[in-house]
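Enquirer: Next come a sequence and a model predicted from it.
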Amino acid sequence: MSMYPDISITPERSSTCIWRIDEELKEKVEEHQIHGDLIDSDGVVIVCNNTVIYPFNYMGFEIWSKCNGTNSISDIVDYLYEKYDTNKNLLIDQTSQFIKDAEENGLLICQK
């Protein structure tokens, strides 16, 4: 059972946030993933809202990049499941929690 009440909700990045992708770190993480290696990926995306800075790891980047007001939580989970082929219920819970936390911190706006 998902922690988020409705995975058909469509999250969108708040227009009050500024963010950037650390392309060098992103490429490094992707290169290590090709070889099956895990590395610390904190800071792939940095999001700032009201002077608070939120560094996201690579999975956070994957979710954040899909929060464009078009993809539902279900769409995002399907994308991640196809890419990583891991436990889908775990992906639903983790993605939902990420989106819930980001919404509570004013980073995302969720619409039905």
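Expert: Perfect, thanks for sending it.

Enquirer: show me where this protein has strands.
Expert: 10-13, 18-21, 45-49, 52-56, 108-111 (DSSP state E).

Enquirer: Need the ones you listed in CSV (columns: mean pLDDT and mean neighbour count).
Expert: (Glycine included, C-beta is placed from N, CA and C.) Putting the strands of the chain into CSV (pLDDT from 0 to 100; neighbours: other Cβ atoms under 10 Å) gives the following:
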stretch, mean pLDDT, mean neighbour count
strand 10-13, 95, 19
strand 18-21, 86, 12
strand 45-49, 81, 18
strand 52-56, 88, 15
strand 108-111, 92, 17
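
Enquirer: Put the alpha carbons of the helix or strand of the chain with the lowest mean pLDDT into CSV.
Expert: Ranking every helix and strand in the chain by mean pLDDT, DSSP states H and E puts helix 23-34 at the bottom, with a mean of 78. Extracted as CSV, the C-alpha positions of helix 23-34 are listed here (Å, rounded to 0.1, in the frame of the first residue of the first chain):
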residue,chain,number,x,y,z
GLU,A,23,26.3,17.6,-14.8
GLU,A,24,29.8,16.4,-13.9
LEU,A,25,28.6,14.4,-10.9
LYS,A,26,25.6,13.1,-12.8
GLU,A,27,27.8,11.8,-15.6
LYS,A,28,30.1,10.2,-13.0
VAL,A,29,27.2,8.4,-11.3
GLU,A,30,25.8,7.2,-14.7
GLU,A,31,29.3,5.9,-15.7
HIS,A,32,29.6,4.0,-12.4
GLN,A,33,26.0,2.6,-12.9
ILE,A,34,27.0,1.1,-16.2
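
Enquirer: start at 49 instead
Expert: From this message on, residue numbering opens at 49, which makes the last subject helix 71-82.

Enquirer: rewinding a little: export the strands of the chain to CSV and tack on distance to S144?
Expert: Output for the strands of the chain, formatted as CSV (distance: least, Cβ to Cβ, whole Å):
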stretch, distance to S144
strand 58-61, 10
strand 66-69, 21
strand 93-97, 18
strand 100-104, 16
strand 156-159, 10
